[in-house]
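[1] just need the structure, nothing else, for what follows:
(chains A, B and C)
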Amino acid sequence: MPDVKYDQLTPSQRKAVFHAEGPLLVIAGPGSGKTRVITYRVAALINSGIKPDNICAITFTNKAADEMCQRVVALGIPAEGPRFAGTQPHISTFHSLCVTILRQYADKTGINPNFSIYNESDQSRCIKQAVKDCELDTTDFPPARMLDNISKLKNRLIDVDSFKTEANDFLRKTLARIYDHYQRILAEHNALDFDDLLVKTAFLLEGSGEVCSELGNRFKFLLIDEYQDTNHAQYKIARAFVSAHNNICVTGDPDQSIYRWRGADIRNILAFENDWPDATVIKLEENFRSRPKILEIADKLITVNRNRKKKKLIPIKPPIAHVVVTAFEDETEEAEAVAQQVKELKDKGASLNDIAVFYRVNAMSRVLEEAFIRNKMPYQVVRGVEFYNRKEIRDLLAYLKILVNPSDEIALLRIINTPPRGIGKTTVDRVRAYAALHNITFFDGLKNAEDIDSLSKAAKAKIVAFVNMLEQFKKDVAGKVAALTERAFVESGLEKSLRDSGDQGKTALENVNELINAAHRYDQQTEEPSLLDYLQQIALFSDADAYDASSGRVALMTLHAAKGLEFENVFIVGVEEGLLPHERSNAGEDKDELEEERRLFFVGITRAKTQLYISCARYRTVRGQLLRTIPSQFLFELGLDFTERPQENIASSCVTQSTIRNMQYDFAPGQRVRHKSFGPGTVKEFIDMWENSIVVVKFNSGQTKSLMVKYADLSKI
DNA sequence: CTTGAGTTGGTTTTT
DNA sequence: CCAACTCAAG
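    Below you'll find the predicted structure:
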């Protein structure tokens, strides 16, 4: 068995890691090492003789899953990719797990395993069609609203039939009809939306004791990170999974629940002890991440929430910190100040990897980007889905999707005339009418084009050519994904059309190249690469997955994407009423939503280790209109001297120690330093004792000295 | 059938 | 403000 070093663990972490069997709830504040507990517990279970593939760990994002796999491997335990694979622990998100299960148990669900996963824009097309099919107007029944309602129903595991029986007023009855049509359209396309992945899996487990016990047998230990953000469907899946053995271990922090709007049910974690009465509860309250001052304001803020259990944040780190709240004139000035502060930090030796800027809405990244470009500071906007939402990428992927799942009408409609090949709306409508009449898929309709009398000879010929092209591609489906992607790109004519379209096409070409590179990486890194698997994986890609921790660039991201990360220096911008809390959160009336916005700010604050810069602007341009803003109520809750409305510039409200001194108090082994009389040397050891910290330096002269940092006057080189 | 100009409407967070 | 959609001319 591998030799895992457990000595880094604190007693309470140790207790959680080595908890023998049965349900375990780990309530843990920010920066307390809860993910570490899961990681080490996986290792400890394997060391105690549990077979690796009997363990299933659930993370919140794919990124988190990848990282956990890597850490488990680093502990000496084999754990390659996040998927079902023989001798390894299964580490993945709930959604990936569901995809795997649904593929494996296709015969039990009747869902073709080649299903497409529909994202927001695909869903939007389907719902529009559904509303139209119901002969309703999209102005009376806004697609986005309908989708939102349907999603809420799905999160509560209410299917079409049971909603039909409970809907008794006109509005709900209509919604039931739309829901019905929407599900039918998805089924016809052999597609599942994000919610369906969970819903179908939950129903599969609920409906089949056999599957349940099979999976319970397969996974004898279930571990779930970020349990506070699970929804009802995920809860049901978890319950069904462990019904045979109750070996469930969850970690979470109710104060960091920020996905209520997506169906996350905070009651899951609050009621854990009711659900599993023999549960052991372990609290991790020590915080290894942030300096005390940061924890102090975080605590002041979160204490305002009424609907919460009291929890301590016990600081471990020395008390030197830098917390600043500043009001700027407008968003440009704010962004400029952030960029310049970043520059200063960099000049003082900070790595750009250790700096992050958080904001409430994605639209706010633009003004920051401009400021970073002006100041020549490298940055990355953490927005993973953006890439996959580009037109050229979606077009090319649609070609691949249709090869795997010919029923995917959304994909087919997307590419049938992209690039233009003379198959226009009229032709498409005629084929669709034919397909509907004969009760076949659109693709089969195209295949039968010769038999469709309404089509012109020219149209028929074009369709035949198109279908033949796809059939040619199909022959390569079993091969490498990258090769097929490239082939489809060239032979479809997409490449030529991009090359012919000037500058815009040039960046598009670069993007496609990037996609082909990514596909190539997939081919190499995956044990059994398949086009289906590749497409389903990238469909579950999230913003947070795009974060590169060692890019050497400042990270710009939403507060939501910041979940689970930590940085030495954190900027939180736009802390204004209407933005944080966001107006659309209905935070004015709905207290729960206001509390969720507060938790979001709390999550942002607690990402910071040492330096925290919070700011607002007095004027902000929203949708092209310059508006006067009001500082966020949350700013007044931090317990800083932020009592009056910000007039000009609010100077530092709270500076425990100056930034410069603080920087000098931290030395890591390996750091090159210079001493006034001893000359240059290398730090061997740093004993952190607040202002009495001691540093051990081996000087170039050969001698090694222990020095008190505050007297030694060392400078970093 | 294609293209581009003009209009409309929707604007949070994301697996 | 911008993206998605509509519509009319070529």
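[2] in this structure A:Gly670 contacts A:Lys698, no?
    No. Applying CB atoms under 8 Å as the test, A:Gly670 and A:Lys698 come out as separate, 10.8 Å apart. Where you see a C-beta, it was placed from the backbone N, CA and C, and this is true even at glycine.
[3] and those two? Which one has more around it.
    More neighbours surround A:Lys698 than the other of A:Gly670 and A:Lys698, with 14 against 8 (other CB atoms under 10 Å).
[4] what sits against the more buried one?
    Taking CB atoms under 8 Å, 6 or more residues apart in numbering as the criterion, A:Lys698 is in contact with A:Gly681, A:Thr682, A:Lys684, A:Thr704.
[5] for DNA strand B, what's its nearest residue on the stretch 351-500 of chain A.
    A:Gly424 (2.7 Å; CB to the nearest atom of the strand).
[6] tell me the pLDDT at that residue?
    Looking at A:Gly424, its pLDDT reads 85.
[7] near it, how many other residues are there?
    13.
[8] do the one 5 residues further on as well
    In terms of burial, A:Asp429 registers 11 neighbours under the definition other CB under 10 Å.
[9] residues from the stretch 301-450 of chain A in reach of DNA strand B?
    Applying CB under 7 Å from any atom of the strand, we find that the stretch 301-450 of chain A lies next to DNA strand B at A:360-363, A:384-385, A:417, A:420-427.
[10] in helices only, show me those residues.
    A:Gly384, A:Val385, A:Lys425, A:Thr426, A:Thr427 (DSSP state H).
[11] quick revisit: out of the residues of the stretch 301-450 of chain A next to DNA strand B, which is nearest to A:Ala371?
    A:Ala371 has its nearest neighbour among those in A:Ala363, at 15.0 Å by CB to CB.
[12] the closest one and DNA strand C, how far apart?
    The gap separating A:Ala363 from DNA strand C is 8 Å, by CB to the nearest atom of the strand, to the nearest Å.
[13] and for A:Ala433?
    In terms of CB to the nearest atom of the strand, A:Ala433 sits 18 Å off from DNA strand C.
[14] which stretches of chain A have low pLDDT?
    Residue ranges of chain A with pLDDT under 70: A:1-3, A:78-87, A:587-589, A:641-666, A:685-694, A:710-711.
[15] okay, now the closest residue to DNA strand B within the stretch 601-717 of chain A: neighbour count?
    For the stretch 601-717 of chain A and DNA strand B, the shortest gap (CB to the nearest atom of the strand) falls at A:Arg623, measuring 4.7 Å. The number of residues packed near A:Arg623 is 6, by other CB under 10 Å.
[16] count of residues packed around whatever residue of the stretch 201-350 of chain A ends up closest to DNA strand C?
    The stretch 201-350 of chain A approaches DNA strand C most closely through A:Glu331 (12.4 Å), counting by CB to the nearest atom of the strand. Neighbours of A:Glu331 under the rule other CB under 10 Å: 26.
[17] next: A:Pro89.
    27.
[18] which ones are touching it?
    Residues in contact with A:Pro89, defined by CB under 8 Å, 6+ apart, are A:Val42, A:Ile46, A:Pro52, A:Asp53, A:Ile55, A:Cys56, A:Ala57, A:Val72, A:Ile77, A:Ala79.
[19] quick one: which of the residues of the stretch 301-450 of chain A next to DNA strand B has the most company?
    The most crowded member of these, judged by other CB under 10 Å, is A:Arg360 (25 neighbours).
[20] buried residues in stretch A:150-169?
    By neighbour count on 16 or more other CB atoms under 10 Å, the buried set for stretch A:150-169 is A:Ile150, A:Ser151, A:Leu153, A:Lys154, A:Asn155, A:Leu157, A:Ile158, A:Val160, A:Phe163, A:Lys164, A:Ala167.
[21] report the central residue of chain A.
    For chain A, the residue nearest the mean C-alpha position is A:Ala544 (4.0 Å; CA atoms, centre = their mean).
[22] residues in contact with it?
    A:Thr61, A:Lys63, A:Ala64, A:Val382, A:Gly384, A:Met557, A:Ala561, A:Lys563, A:Gly564.
[23] what are the pairing partners of the host helix or strand of A:Leu627, and which direction each?
    If you go by DSSP states H and E, A:Leu627 is part of strand A:625-628. Strand pairing for strand A:625-628, determined by DSSP bridges: strand A:608-622 (antiparallel).
[24] okay, buried residues for the partner strand please.
    Neighbour counts over strand A:608-622 (16+ other CB under 10 Å) mark A:Ala608, A:Lys609, A:Thr610, A:Gln611, A:Leu612, A:Tyr613, A:Ile614, A:Ser615, A:Cys616, A:Ala617, A:Arg618, A:Arg620 as buried.
[25] to the chain's geometric centre, what's the distance from that strand?
    Distance of strand A:608-622 from the chain centroid (CA atoms, centre = their mean, to the nearest Å) equals 23 Å.
[26] end to end on stretch A:281-293, go ahead and measure it.
    End-to-end distance of stretch A:281-293 (CA to CA, to the nearest Å): 28 Å.
[27] show me the contact partners of the longest helix along chain A.
    For chain A, the longest helix by residue count, based on DSSP H, is helix A:502-525. Residues from elsewhere that reach helix A:502-525 (CB under 8 Å, 6+ apart): A:81, A:387, A:390-393, A:396-397, A:480-482, A:485-486, A:489, A:494-495, A:497-499, A:501, A:529, A:534, A:537.
[28] filter those down to the buried ones.
    Buried subset of the contacts of helix A:502-525 (neighbour count, 16+ other CB under 10 Å): A:81, A:390, A:392-393, A:396-397, A:480-482, A:485-486, A:489, A:494-495, A:497-498, A:529, A:534, A:537.
[29] circling back to that earlier point, now the buried residues of strand A:608-622 as CSV including distance to DNA strand C?
    Formatted as CSV, the buried residues of strand A:608-622 follow (distance: CB to the nearest atom of the strand, whole Å):
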residue, distance to DNA strand C
A:Ala608, 31
A:Lys609, 35
A:Thr610, 36
A:Gln611, 32
A:Leu612, 31
A:Tyr613, 27
A:Ile614, 26
A:Ser615, 22
A:Cys616, 21
A:Ala617, 16
A:Arg618, 19
A:Arg620, 12
